[in-house]
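Student: Pasting the sequence and the predicted model now:
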Amino acid sequence: MSKSVTIRVPEELHAQLQERAETEGTTVTALITEAARNAVRDPRLDSAAEIFRTFVADNAAAFDEAFPDDAPARRDSSGRAAA
């Protein structure tokens, strides 16, 4: 079940929200709902995700060596799969 909430925003902000919603193929309500979810999300999740990304980056070579059949394809500087 959802609860209706009325908020007042400046006209310029509303226009920006509408433009972004159209660009993303969504609604102003969906954008505001996502912003509200982010406002109450546990900030520890962000730091945990960063710790995980750093761990993966720092240990990628060791994982590739230990599990060569599961190693992702290498990419060159342009982002293409290296030969």
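Tutor: Nice, thanks for sending it over.
Student: which strands and helices sit next to the host helix or strand of residue 34?
Tutor: Assessed by DSSP states H and E, residue 34 sits inside helix 28-40. The contact analysis (3 or more C-beta pairs under 8 Å, 6 or more residues apart in numbering; DSSP states H and E) places helix 28-40 against helix 11-24. Glycine gets a C-beta too; all of them are placed from N, C-alpha and C.
Student: now the helix it packs on and helix 28-40, what's the angle there?
Tutor: Counting by axes from the mean of the first three to the mean of the last three C-alpha atoms, to 10 degrees, helix 11-24 lies at 100 degrees to helix 28-40.
Student: Other residues contacting helix 11-24?
Tutor: 9, 27, 28, 30, 31, 32 (C-beta atoms under 8 Å, 6 or more residues apart in numbering).
Student: let's see it at 10 Å
Tutor: 8, 9, 10, 26, 27, 28, 29, 30, 31, 32, 35 (C-beta atoms under 10 Å, 6 or more residues apart in numbering).
Student: Show the buried residues in those residues.
Tutor: For those, a burial check counting by 16 or more other C-beta atoms under 10 Å picks out 28, 31.
Student: Let's have the contacts of helix 11-24 in a markdown table, adding pLDDT and distance to residue 67.
Tutor: A markdown table is the format used below for the contacts of helix 11-24 (pLDDT from 0 to 100; distance: C-beta to C-beta, whole Å):
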| residue | pLDDT | distance to residue 67 |
| --- | --- | --- |
| 8 | 96 | 55 |
| 9 | 96 | 51 |
| 10 | 97 | 54 |
| 26 | 97 | 39 |
| 27 | 97 | 44 |
| 28 | 97 | 46 |
| 29 | 96 | 45 |
| 30 | 96 | 40 |
| 31 | 97 | 41 |
| 32 | 96 | 44 |
| 35 | 95 | 40 |
